[in-house]
Every structure is written in C-alpha cells, then in structure tokens.
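**Q** Predicted model and sequence below, questions to follow.
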Amino acid sequence: MTVNEALRWFAEMFEEPEENIAPDTKREDIEGWDSLGILTLMAELDERLDITLSQEELENLSGIDDLLAVLRRHDALTE
C-alpha cells in the first residue's frame, strides 16, 4: 500500500476525517486513538497484513509516523 492509502486506512480505523491524518499527526491529536482504537488497530494489522505488535511496541507508538514505520518494517508500505 502507498503512504496515502495507509493514511486513509488509519483515518477510517480511528474514525477521523482524512484531512486530520498526516505523517506528523501525534497520537494525542487523534480522538479515536484510545483503548478501543488500539484494539481496532491491533485487529486490522493482524487481519489485513498479518502484523502482530507486542505490548511494548503498541505503547511506544506516538503518532502516525510510527505506524508508517511499522508498515515499512513489515514491507507493507511502498513509497
């Protein structure tokens, strides 16, 4: 997936308008990135991309750029 496709996907996951999601968007600026949002994120990453994150990895996610880095590490993102 491309960066733009990933950004749209994240917006959908966190139920945010697409214009509110950019690579530099911080976790605290996304209302839907709460405990339910984390569960949704975990399920989506596992179901769509077969990516499982540890509790530590989840806790260290501070923004959209970190999510993009996860996708890059798992070769799920094309530039």
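**A** That came in fine, so what should we check first?

**Q** In space, what's closest to residue 32 - neighbours in sequence excluded?
**A** Nearest non-adjacent residue to residue 32, counting by Cβ to Cβ, 6 or more residues apart in numbering: residue 14, 3.5 Å away. The C-beta positions use only the backbone N, C-alpha and C, and glycine is treated the same way.

**Q** how close does that neighbour sit to residue 39?
**A** Here the distance between residue 14 and residue 39 works out to 12 Å (Cβ to Cβ, to the nearest Å).

**Q** Neighbour count for the two, which is higher?
**A** residue 14 (21 against 10; other Cβ atoms under 10 Å).

**Q** show me the contacts for the residue most central in space within the chain.
**A** Taking Cα atoms, centre = their mean as the criterion, residue 67 is the residue nearest the geometric centre of the chain, at 4.3 Å. For residue 67, the contacting residues are 6, 10, 41, 61, by Cβ atoms under 8 Å, 6 or more residues apart in numbering.

**Q** sec struct for the first one, please.
**A** Taking DSSP: H, G, I helix; E, B strand; the rest coil as the rule, one finds residue 6 in the helix state.

**Q** now do the second one
**A** When the structure is split into helix, strand and coil by three-state DSSP, residue 10 lands in helix.

**Q** which one is it nearest to, not counting chain neighbours?
**A** residue 21 (5.3 Å).

**Q** Which one (most neighbours) among the contacts of residue 67?
**A** Tallying neighbours with other Cβ under 10 Å puts residue 10 at the head of these, with 25 neighbours.

**Q** From residue 32, how far out is that residue?
**A** For residue 10, the distance to residue 32 - Cβ to Cβ - is 10 Å.

**Q** go on, residue 18?
**A** In this structure, residue 18 and residue 32 are 13 Å apart, going by Cβ to Cβ.

**Q** Low-confidence bits of the protein, can you list those?
**A** Applying pLDDT under 70 to the predicted model, the chain contains no residue that meets it.

**Q** same thing but at 80, please
**A** For the chain, the stretches flagged by pLDDT under 80 are 79.

**Q** In this structure residue 11 contacts residue 30, no?
**A** No: Residue 11 is not in contact with residue 30 according to Cβ atoms under 8 Å; the separation is 9.1 Å.
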